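Engineer: Give me the fold of what follows.
(2 chains)
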There are 2 protein chains.
Amino acid sequence: MTSVHCYSFLDGDGKNKALLGGKGANLCEMTQIGLNVPPGFVISTQTCITYLQDNTLSDSLISEIQQQIRKIEQQTGKTFGGTSNPLLVSVRSGSAISMPGMMDTILNLGLNQQTLTALIEQTDDARFAYDAYRRFIQLFGKVALNIDDEKFDTHFDTVKQNSGIKADSALTAEHLEEISNLFLAVVQEETGQPFPENVHDQLELSIKAVFQSWSGKRAIDYRREFNITPEMANGTAVNIVTMVFGNMGDDCATGVGFTRNPGTGVNEMYGEYLVNAQGEDVVAGIRTPKAVDELRTEMPDLYRQLVDLRNKLENHYQEVQDYEYTIEHGILYCLQTRNGKMNAAAMVKTSVDMLNEGLINKNQALLRIDPELLEQLLHPQLTLNHNIPVLATGLPASPGAACGKCVFDADTAQRLGQAGEDIILLREETKPEDIHGFFAAQGILTSRGGKTSHAAVVARGMGKACIAGAEDILIDIKSRLAIVGENHIREGDIITIDGSSGHIYLGKIPTTPPEFSSELQILLSWADEISELEVYANVDTPENAKIAANYGAKGIGLCRTERMFNAPDRLPLVIDMIIADNKEDRETALAKLFPIQRDDFQQLFEAMSPNPVTVRLLDPPMHEFLPSETQLQDEIESLKQYATIIKAQRVTLESIAPNSPLPPPLDRLNEELINETISKKSAILKKVRDLFEVNPMLGHRGVRLGMSYPEIYRMQIRSILEATALCIKQRIPISPQIMVPQVITAQELTKVKEMVTEIQQDIESQFKVSLNFKFGSMIETVRACTRAGYLAEEAEFFSFGTNDLTQATFSFSREDAENKFLPLYEKSELLQDNPFEVLDIKGVGELMKLTVKLGRETRPEISIGICGEQGGHPKSIRFCHEIKLNYVSCSAPRIPIARLATAHAKLLEN
Amino acid sequence: MTSVHCYSFLDGDGKNKALLGGKGANLCEMTQIGLNVPPGFVISTQTCITYLQDNTLSDSLISEIQQQIRKIEQQTGKTFGGTSNPLLVSVRSGSAISMPGMMDTILNLGLNQQTLTALIEQTDDARFAYDAYRRFIQLFGKVALNIDDEKFDTHFDTVKQNSGIKADSALTAEHLEEISNLFLAVVQEETGQPFPENVHDQLELSIKAVFQSWSGKRAIDYRREFNITPEMANGTAVNIVTMVFGNMGDDCATGVGFTRNPGTGVNEMYGEYLVNAQGEDVVAGIRTPKAVDELRTEMPDLYRQLVDLRNKLENHYQEVQDYEYTIEHGILYCLQTRNGKMNAAAMVKTSVDMLNEGLINKNQALLRIDPELLEQLLHPQLTLNHNIPVLATGLPASPGAACGKCVFDADTAQRLGQAGEDIILLREETKPEDIHGFFAAQGILTSRGGKTSHAAVVARGMGKACIAGAEDILIDIKSRLAIVGENHIREGDIITIDGSSGHIYLGKIPTTPPEFSSELQILLSWADEISELEVYANVDTPENAKIAANYGAKGIGLCRTERMFNAPDRLPLVIDMIIADNKEDRETALAKLFPIQRDDFQQLFEAMSPNPVTVRLLDPPMHEFLPSETQLQDEIESLKQYATIIKAQRVTLESIAPNSPLPPPLDRLNEELINETISKKSAILKKVRDLFEVNPMLGHRGVRLGMSYPEIYRMQIRSILEATALCIKQRIPISPQIMVPQVITAQELTKVKEMVTEIQQDIESQFKVSLNFKFGSMIETVRACTRAGYLAEEAEFFSFGTNDLTQATFSFSREDAENKFLPLYEKSELLQDNPFEVLDIKGVGELMKLTVKLGRETRPEISIGICGEQGGHPKSIRFCHEIKLNYVSCSAPRIPIARLATAHAKLLEN
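Structural biologist: You can find the predicted model right below:
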């Protein structure tokens, strides 16, 4: 009869994790490569699914189980339920994907009054036998009979208390017998039935319980949390394994090990063991285990066996292994192995080492590391062993840990930052005018806004730690105080934030600096050899360009010129430009901005030389550069009051000391200045009201501004091209690219191109140089996708702005969606992912494919990239590779991740 | 030599309007079908375009012109510039599409000192000759030499004043000679050159001037306004026609006519003529002409000839003709014909009549009417039972009633019109340069001119109410005052005009909607026979449903349930629902809304029985039902003040008359009520702030509300299905359809469908009926288009919400775009049309095609329609037909237009 449910470790297919689960496959694999695994068999995941439908163990399954038990009896010479040398087994779950602790395990199965007696006789160790028995009753009661753990624990504790015993190890055989009997009574009481004496009944009930644990709440939650789909793991296998005991005396032990040090990646024996103990004692941490090095002296022969086991495991699996073993009367059994979970540094080091050792090849070295894991290496991390309680939690908006003095406004942040202080900028929410505070601060904390708030986006771009929307924090800006429950944080108090977890702490927690190790450099250079997609950076300043270049960026895919506008020395000029009532005034303001922008671009080109620098022309609606209506109203009101007060004081002074000149704070100039300021602010207020838009995201922005105010685009184009000319004059090799945002029709590109060509000719004749640059289009409106064939007639490159394109495709405003309904959509599985984090392949991706097709039909050599935030995420990068984009562009700190992910995309391509 | 520029009327291709212009082609056609047309030739539109590029008349063109002139000389026996029997010609523009009054005409060309003498000798009528001469000098001076009309008019008026003459007809030959000489002096003075004596120079200068008028501002504005693209008309032809004179004595006359009455469509002789006058006298309205009926008695033979001419024209053109003729010494010449512009009622009647007469077939009867024209039939008419006295009466020149502020010039009309004012433009007479005033005005009123004056023709073309020649009105343009007897109308005063009766009233008179004529019913029934697209209505109330059914709607394509929410008796319930803090409170509010909605739906189903009624579940974001933040703040502030005052008053009263009960307005209840109101409004204010969205268009709305607050959708679904059950119980045949808005993924539809099914089962068992209804999806997000194949698994119908889909495709917020940048986009031709009015085929259309393809692949029988505003526009309807939608749905008053347009779409399909 062919086996359809059960597979002996001797012949189960060790590669078939889908059928046998990860643990079961490994037990088969280990058995078949000659490791000493206790005999056993696996019931398949398929059987689990069938059971969950039928709710019964089929006759054929029961017959196979009995057959397999007989095989174990033959291998071990033991008898299941036997009156001498009884066979005890463990029953363990194990699905295709490891879900640690999520499903159930039963140990010592096969014990009943008869076999217990046999075991005592056989081992001459009543304490050991009763200990095994009471553990079995409790586990079986809990798992197979659904009895609350506490019912057992209460009895256990009572016996300990009554006998004045503290440590479990001090319990005698008699105590344990008493406990076992009490436990049997619990079972009777809770189930109305005696504890099952028939070992086959025990086994069947346990198998059912393990199957059922697959559809338990805990397991379902876990799968949702980690996005484990039925395609990835469907049902749990059940492993039935002969029990071996590490607690039968001092020639027994149990231990766990990693084949390499999982903290450092160093190639050394690593692990812990306990003499005379069961495996769960090690894991539970009740007794302090010994480091594996001690085994070398304590049991030198077994240590050699363990080294041999470790070598066999790594040679076979070509991966660092996390294994468990038991020594029973001097015989080493390997109970389990799985790929070792390690921190990023260790993963990187082991990849490089294992390649150097000839254990794996480059592709394996790259593929074994999840690109996202590298994030750990790029930001400061909190030291692990602090014990400071979490004060509050917000949204983890930009990874990394930071610590510093709490400061409530950007100016103070700048002042203290310049004085060398570490700063955490704490605001309700941030605005573009706070940008200097970001530069000064180590981290940013806001009490409002989501992961795409201004604070979050800017901090991510800068690679600074940020927590957003920590709503438990009440900020009283006037008192310069933040209130969290009963705690008050005053300005200057030191706090620590962890942007990776969203946790906020009072006081200082030491952090470990990021390490761009030589191993990581090597690994990423291998990735670059393989990748077909280039990795560019989204950066806006020369400083960040240098950082990006160090991270390995091969160009700048997006420079947002408006970020330059927000610097404190420029914003007043920008505001002058915006409130200008006519073209002339606007051009006067632009003329002042021009040399500043030109210098910016020149520095940027030099910093990224000779690689491409893609400059996007002005994109955001103009009101984004202006203060809010309320703020202006308040300011004007205060100024008016101030003016009234000054005037009153002047009158008073006049009456006391007539004709005497007023002292400086009250002289006429001051009053004039106030009135001038009021009038300026009133003009700004008027403009803010003029510029109000119902849906600014879909408003007067991008190239629409360039069409309405061509003088703004002309200024920007001229500064880009003059910077180009100046670099060429200095023989600095550069590759500038001009990019037009929010395009919906080829006519817009044509108009901008006309401006470019005119200014180009002007500068070429003025500077006597020939300008080399590219002209291209953002693809961030849906219409740009349908018209891509026409846009490609003008554009030499396309860059997908997938933030905006996603908003347009879903009709979701990101700001509103992430606060209002997107969490529900993810939770109810209306959407698999947040499309602003992971590219939506079914909607946005379809438009991207269409664009690539139409664009390349018109201009086969067109360069196409992505500069939306999704461009730095591995899953999205894989899609970009599949549709044959030329580059992805992401924020500087995500470049290493993207470099590895582009290599993965190539290696995993279909 | 083959002619490439010039075509004699004897052999030009009468069908080639693109080459010869409408007028030229007709002159050729008329000549060739045997009508008595004065000999002449056409210079092609192609030659015009060449001229506008080269700015010179080529040698070959000049040679062809001379050749053609010789041909005319042979036909007429006259000589161009000859000293006896001189040939005089007119030079007229004429492009492929009629642009009445937009381009220039010169008459009597060929006169100089020599030919003038010859003409006097030949006619023995010096007065006639000098009259012709002075007219020629002025027209030529204005058109060919760019001299201001006023320079001539001043002299003309001076001579009249000096000689005490009022009517032009009283001027003698001597006066006219004096005037001619003064005019010649004007030319010398203004141009520094004598008036050209060489008749060939005269001709060439005139041709150039006509060519240039094509690119004049007036003509360009006109083409933009009427969307005349170069594909439709490119350049103007020039017609050179032998002059014939209606002003050479009492056996001469000039007239204009329509082959049918253009105001009513009645098949009768229609037109006006003037004995002993030139054509321009009729058109300019300087003398009041006689109705054509008088010609029957005055010149019975010529009347018979005119009837014959009319019959020949209509039989040949199979279309109502607008023709001009001149009788010179008893010989009838036909000078021009073109398709007659008529109001919609006349177009409809003539279509039905001409078909009944066997002149045209059904397709022609339908196709000759521009669907948009029917809009006129929907214009308001004056209520019959008003008792406002008629102030004055003019000629009923274009039907329909209009009411607005009286304005005396086109610029003011434009300014006020753009500010949203209703305007009546009041002028002595209008000129082509007043065209922008027509666009701005609701109605036009002139004190001079007839039913074929400029004002009348243009207003009819636009379907605007017009009264012409209201001679009782004296206009004092400088004082901006119109005097009618003792009444003064000042600029800004409101008047009402009835273009159907010619009555003018002071003040505003209420209007009633127009009646649907039996001819229109017939015509639309023919349209329905042909159409493949069904026409549904977007209506929200039973009343409007009845109106829509009367207009011929075959169903309701969109019922916006939220419109029902806004009724005053419901809004408080809706607000309670919105501010509910928990599901229970929300359900309490919903329970009150439920019976109201159910009754609404029941009435709606009955009104449209047995046709489909498509109910869209709640779509707009909830904050749309709440007052604005400012309004609430103000209200709360006022209430607080009120409460303070009341309290103070109570204290005062208490001190005056302690322990006495307070009078009712100050009793305790009142105060409590105020506080309750404050607390209610504060709750609303809090909710308004909670619900604030940055981009509400892309926010928490549509099915996203249904996912967040399923109880709202459940209430709506239950009320729809219970209304269905109640109708079925009453044996009323109905076809309800439930439509889900803002869908982005099939999962959303699945969830709503689950609610529907559950409620359906509930109601079916409760009412013991089987419910028949359809379940479908709006397609108004881009992602819905890319996922249409999956949506069709749940949806039995799709309805394109092209308003939102256009916003998403363009990333344009309609509200912001139409105020900020869309006008610029249209003006600079960045976009051909406003995509919110005319469906954007290149972007939105591509998505629609994709949706239809994917949707029908999954569900071949799926019904697909459009309910966006574009669904009522003929150009968009044609596209909907081409991509094989099943229906279009539009606002009720556009249904007749849509019915005709759907037939056009079928008849014109490729």
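Engineer: Kindly provide the distance from the residue most central in space within chain A to residue B:8.
Structural biologist: The residue lying closest to the centre of chain A (Cα atoms, centre = their mean) is residue A:372, at 6.3 Å. Taking Cβ to Cβ, to the nearest Å as the measure, residue A:372 falls 83 Å from residue B:8. (Each C-beta comes from the backbone N, C-alpha and C, glycine too.)
Engineer: Check which helix or strand residue A:249 maps to.
Structural biologist: Remark: residue A:249 resides in no helix or strand, with elements defined by DSSP states H and E.
Engineer: count of residues packed around it?
Structural biologist: Residue A:249 has 16 neighbours, counted by other Cβ atoms under 10 Å in any protein chain shown.
Engineer: for residue A:53, same thing?
Structural biologist: Residue neighbour count, defined by other Cβ under 10 Å, stands at 8 for residue A:53.
Engineer: Check which helix or strand it maps to.
Structural biologist: Going by DSSP H and E, residue A:53 is in helix A:45-54.
Engineer: Can you show me the helices along the stretch 701-850 of chain A?
Structural biologist: Here the stretch 701-850 of chain A has its helices, by DSSP state H, counting those that start in this stretch, at A:703-708, A:710-729, A:746-767, A:782-786, A:788-794, A:802-810, A:814-820, A:822-827, A:844-858.
Engineer: Compare those and give me the one nearest residue A:873.
Structural biologist: helix A:802-810 (10.3 Å; Cβ to Cβ).
Engineer: and that closest one with chain B, contact?
Structural biologist: Yes - using Cβ under 8 Å from any Cβ of the partner chain, helix A:802-810 comes into contact with chain B via A:804, A:807, A:808, A:809, A:810.
Engineer: Is the residue nearest to the centre of chain A in contact with residue A:874, as I believe?
Structural biologist: Yes - counting by Cβ atoms under 8 Å, residue A:874 is a contact partner of residue A:372 at 6.3 Å.
Engineer: what's the overlap in contacts for the two?
Structural biologist: Jointly contacting residue A:372 and residue A:874 under the rule Cβ atoms under 8 Å, 6 or more residues apart in numbering or on different chains are residue A:897.
Engineer: about what we covered before: could you work out the most separated pair of the residues of helix A:802-810 next to chain B?
Structural biologist: Between any two of these (Cβ to Cβ), the greatest distance is 11.2 Å, for A:804 and A:810.
Engineer: More neighbours: which of these two?
Structural biologist: residue A:810 (27 against 24).
Engineer: Around chain B, pick out the residues from the stretch 551-700 of chain A.
Structural biologist: A:693, A:694, A:695, A:696, A:697, A:698, A:699, A:700.
Engineer: what's near enough to touch the first one?
Structural biologist: Contacts of residue A:693 were listed using Cβ under 8 Å, 6+ apart, and they are A:621, A:623, A:699, A:700, B:813, B:816, B:820.
Engineer: Local confidence estimate at the closest residue to residue A:876 other than its chain neighbours?
Structural biologist: Spatial nearest neighbour of residue A:876, excluding adjacent residues (Cβ to Cβ, 6 or more residues apart in numbering or on different chains): residue A:839 at 3.6 Å. Confidence at residue A:839, expressed as pLDDT, is 96.
Engineer: give me the number of residues near residue A:839?
Structural biologist: So residue A:839, with other Cβ under 10 Å, has 28 neighbours.
Engineer: With residue A:154 as the reference, name the closest of the helices of the stretch 701-850 of chain A.
Structural biologist: Of these, nearest to residue A:154 by Cβ to Cβ is helix A:822-827, at 37.4 Å.
Engineer: which of the residues in that closest one are buried?
Structural biologist: Residues A:822, A:825 are the ones in helix A:822-827 that count as buried (16 or more other Cβ atoms under 10 Å in any protein chain shown).
Engineer: tell me which strands and helices that helix is in contact with?
Structural biologist: helix B:703-708 (3 or more Cβ pairs under 8 Å, 6 or more residues apart in numbering or on different chains; DSSP states H and E).
Engineer: what's in contact with the helix it packs on?
Structural biologist: A:820-821, A:824-825, A:828, A:830, B:617-618, B:621-622, B:700, B:712-713, B:740-743, B:748, B:751-752.
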